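Participant: Predicted model, plus sequence, below.
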Amino acid sequence: MIKQIKRLSPHQNGKVFGIISAVGSLLFVVPMTAIMFFALPSVDRQGNPVTFQKYIFILFPILYLVFGYVMTTIGCMIYNFFFKYIGGFEYETKDNEVSNSNPQF
């Protein structure tokens, strides 16, 4: 049986994708932070102390959360608008027959 997705919920999908993006960005932010703290020199060529803005690494997951939410919400709204004209995503399902001799729990 072929089915179509008629509507995507912008808010719900945006929340889910935003959170997944923020958590996924931690896979890059945590190692990057460690490398920056341990690999950067403490002084530049002239002997001036180098200070690195630590808040930038807190900002990355927040930006991923916000932009992931916004872009997914916009994408769902565009999908919902164009569904009327071009249809939606299609997928095929199959009903499994359960035999009485081998019940599945």
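Facilitator: The structure has been received and is ready for your questions. Residues are numbered from 1 along each chain as shown.

Participant: Next, the contact list for the spatially most central residue of the chain, please.
Facilitator: Taking C-alpha atoms, centre = their mean, the centroid of the chain lies closest to residue 21, which sits 3.0 Å from it. The neighbours of residue 21, taking C-beta atoms under 8 Å, 6 or more residues apart in numbering as the test, are 64, 65, 67, 68. Yep, even glycine has a C-beta here, placed from its N, CA and C like the rest.

Participant: can you do 6 Å?
Facilitator: By C-beta atoms under 6 Å, 6 or more residues apart in numbering, the contact set of residue 21 is 64, 68.

Participant: Is it within a helix or a strand, and which one?
Facilitator: Assigned by DSSP states H and E, residue 21 falls within helix 10-39.

Participant: chain center to the helix or strand following that helix, what's the gap?
Facilitator: Moving toward the C-terminus from helix 10-39, the next helix or strand (DSSP H and E) is helix 55-86. Centre-to-centre, helix 55-86 and its host chain are 9 Å apart (C-alpha atoms, centre = their mean, to the nearest Å).
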